[in-house]
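Chemist: how would this look folded up:
(chains A and B)
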Amino acid sequence: MTSVEAAARWTDRNELWGYAATFGAAWAAVEVTVGSFAHAVKLPLAGVVLAGVGAALLVALRTLYPKRGVVLAAGVVCAGVKLLSPAGAVLGPMVAILVEAAVAEIVLLPFGAGILSAPLVGVLACWYAVTQKLLTQWLLFGAPVVEIYRGILQRAESWMGLPAQGGLSVAVVFLLAIGAIGASLGATGLRVGRVARLHLRGAS
Amino acid sequence: MTRKGPGRRGAWWVVLPLGLLVALWQLPAVWHLPLGLSAWVILRWRAPDLATTLGRPRYWAVLLAVFVLLGGLLGPADTTLAGIACSTKGAAAATTMIARAWGLLMLGSVLASAFPLRAWIDRSGNRYVRRVAGVVLVAANFVPSLLQSISEARLALRERRPGARYMLLRLELLAVHTCVRAARLAEEVAFDMTLAAHNGPEAASRGEDRP
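Modeler: The predicted structure is shown next:
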């Protein structure tokens, strides 16, 4: 390897960790601000909103700095910052951050952030947030919590006048609504990343 | 009196949540809530640092009320209350769920204190772990300045475009501002890291990888 190639590789690696550090910090800052706001106003599905905002930030990062691995690195950094935070429960959010970053990295790996992949990252992040919530509750409270949710879905089905399908139709509508929120946030992340890139190019 | 650290007394405290979980498994549902409450009170009284992950009592009181209501309404009806068919089994199952959650959270808290992850990372000699830990520390130092920057930008945008109808635009501009600020900081960090690696005391040992 020539010294020029080695220098380029070294600079690339430092740039990747630089972007991972600052966007990981930005994600942590969003978790602090949006998370505190969502919990303070008792926003329903706060985890879904946080996951969507995190996905938007990751898509914006991949748009600004289109290098493989940077999204996962930002997730690792954000999870590390969460570990350092004085909050009591950090394991759940840390797992969520790492899984969301891994999912985003896998989706963005082949073609980068685009018109299809960006909304998909948002959708998967939000669906994962719902899945983790259910999984955590199932682990903590046991199997009866699933029966409670099934009962609620069946009641909702009858109130909405939908044909009885054991609550499946309401669950599908709910997941589609969550997916729509995630897709719009993912697309927003792409747009924000592109505008920020234009700003940076204009400045330089 | 000096207080012992959670790591040193963690092992003994495993008995409390394990005892609670075994009791929940063996005893009838009517005992579950009093047992869970007793275990929580003991933990809060004798080891308040271990009880941090349990959260606020108000949160659990609301959750208990919601679960008992849902369990009572959605469970198999075995009694009537004010003319409404209710399920005592469902309500009892709800108290079991809450007590089980307390037991598992206590167990998690005790185990986490017995295995101090942060101390292990600090002591790790692995080059990659140390590098990531260094980047995490840099990122943690950036959080307050980024928050300050976001707050200033939010106030400036609100002055420039006030009103609820510009809220979405303000949010988008704020997101763009945050991304631009983070990208500029990233370039500075990368430059500093290159300089530090070039001039640092460990540079000689990494000579083969360094330009």
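Chemist: where are the low-confidence patches of chain A?
Modeler: Flagging of chain A using pLDDT under 70 yields the residue ranges A:1-4, A:6-7, A:10, A:36-37, A:39-42, A:86-90, A:203-204.
Chemist: Please tell me how far residue A:18 sits from residue A:12.
Modeler: 10 Å (C-beta to C-beta, to the nearest Å). All C-beta spots, glycine's among them, are computed from the backbone N, C-alpha and C.
Chemist: the more surrounded of those two?
Modeler: Each of residue A:18 and residue A:12 has its neighbours counted (other C-beta atoms under 10 Å in any protein chain shown); residue A:18 has more, 27 against 12.
Chemist: wait, isn't that one in contact with residue B:194?
Modeler: No: if you go by C-beta atoms under 8 Å, residue A:18 and residue B:194 don't touch, sitting 9.4 Å apart.
Chemist: Setting aside sequence neighbours, what's the nearest residue to residue 147?
Modeler: Unless you meant another one, I'm taking chain A. The shortest distance from residue A:147 to any non-neighbouring residue, by C-beta to C-beta, 6 or more residues apart in numbering or on different chains, is to residue B:74 (7.4 Å).
Chemist: That was the other one, I meant chain B.
Modeler: Closest to residue B:147 by C-beta to C-beta, 6+ apart is residue A:29, at 5.0 Å.
Chemist: quick revisit: any residues in contact with both of residue A:18 and residue A:12?
Modeler: The contact sets of residue A:18 and residue A:12 do not overlap (C-beta atoms under 8 Å, 6 or more residues apart in numbering or on different chains).
Chemist: quick one: furthest residue from the center of chain B?
Modeler: residue B:83 (42.7 Å; C-alpha atoms, centre = their mean).
Chemist: mind checking the SS state of the residue nearest to residue B:147?
Modeler: helix (DSSP: H, G, I helix; E, B strand; the rest coil).
Chemist: Pretty sure it sits against residue B:143.
Modeler: Yes: in this structure, residue A:29 is within contact of residue B:143 by C-beta under 8 Å, at 5.2 Å.
Chemist: Looking at the two, which one has more neighbours?
Modeler: Higher neighbour count among residue A:29 and residue B:143: residue A:29, with 25 against 20, using other C-beta under 10 Å.
Chemist: Please list all residues in contact with that one.
Modeler: Residues in contact with residue A:29 (C-beta under 8 Å, 6+ apart) are B:143, B:146, B:147, B:150, B:178.
Chemist: What of residue B:84?
Modeler: If a contact means C-beta under 8 Å, 6+ apart, then residue B:84 has residue B:73 as its contacts.
Chemist: any weak-confidence spans in chain B?
Modeler: Judged by pLDDT under 70, chain B has its weakly predicted residues at B:1-11, B:53, B:115-118, B:121-122, B:200-211.
Chemist: Helices of that one, residue ranges please.
Modeler: For chain B, the helices defined by DSSP state H cover B:6-13, B:15-26, B:32-46, B:57-74, B:88-114, B:117-123, B:127-160, B:167-199.
Chemist: Chain A now?
Modeler: All helices of chain A, identified by DSSP H, fall at A:3-40, A:46-64, A:70-84, A:91-108, A:117-141, A:144-159, A:168-203.
Chemist: Number of residues surrounding residue A:161?
Modeler: By other C-beta under 10 Å, 6 other residues sit near residue A:161.
Chemist: With residue A:172 as the reference, measure out to it.
Modeler: 16 Å.
Chemist: Could you find the closest non-adjacent residue to residue 190?
Modeler: In the absence of a named chain, this looks at chain A. Of all residues not flanking residue A:190 in the chain, residue A:118 sits nearest, at 3.8 Å (C-beta to C-beta, 6+ apart).
Chemist: that's the wrong chain, I wanted chain B
Modeler: With sequence-adjacent residues excluded and distances taken as C-beta to C-beta, 6+ apart, residue B:190 is closest to residue A:18, at 3.5 Å.
Chemist: what residues are up against the one you found?
Modeler: Residue A:18 touches B:185, B:186, B:187, B:188, B:189, B:190, B:193, counting by C-beta under 8 Å, 6+ apart.
Chemist: what's the answer for residue A:144, then?
Modeler: With C-beta under 8 Å, 6+ apart, residue A:144 has these contacts: B:71, B:93, B:94, B:96, B:97.
Chemist: Stretch B:90-100 near chain A anywhere?
Modeler: Yes: counting by C-beta under 8 Å from any C-beta of the partner chain, chain A has neighbours in stretch B:90-100: B:93, B:94, B:96, B:97, B:98, B:100.
Chemist: Dump that stretch to PDB, keeping only the CA atoms.
Modeler: This file holds the C-alpha atoms of stretch B:90-100, laid out as PDB (Å, rounded to 0.1, in the frame of the first residue of the first chain):
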ATOM      1  CA  GLY B  90     -58.800 -11.600  35.300                       C
ATOM      2  CA  ALA B  91     -58.200  -8.900  38.000                       C
ATOM      3  CA  ALA B  92     -56.100 -11.400  40.100                       C
ATOM      4  CA  ALA B  93     -54.100 -12.200  36.900                       C
ATOM      5  CA  ALA B  94     -53.400  -8.500  36.500                       C
ATOM      6  CA  THR B  95     -51.900  -8.300  40.000                       C
ATOM      7  CA  THR B  96     -49.800 -11.300  39.200                       C
ATOM      8  CA  MET B  97     -48.500  -9.600  36.100                       C
ATOM      9  CA  ILE B  98     -47.500  -6.500  38.000                       C
ATOM     10  CA  ALA B  99     -45.800  -8.500  40.800                       C
ATOM     11  CA  ARG B 100     -44.000 -10.600  38.200                       C
END
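Chemist: Residues contacting it, please?
Modeler: For stretch B:90-100, the surrounding residues in contact (C-beta under 8 Å, 6+ apart) are A:140-142, A:144-145, B:20-21, B:24, B:29-30, B:32-33, B:35-36, B:60, B:63-64, B:67-68, B:70-76.
Chemist: Nothing else from me, thank you.
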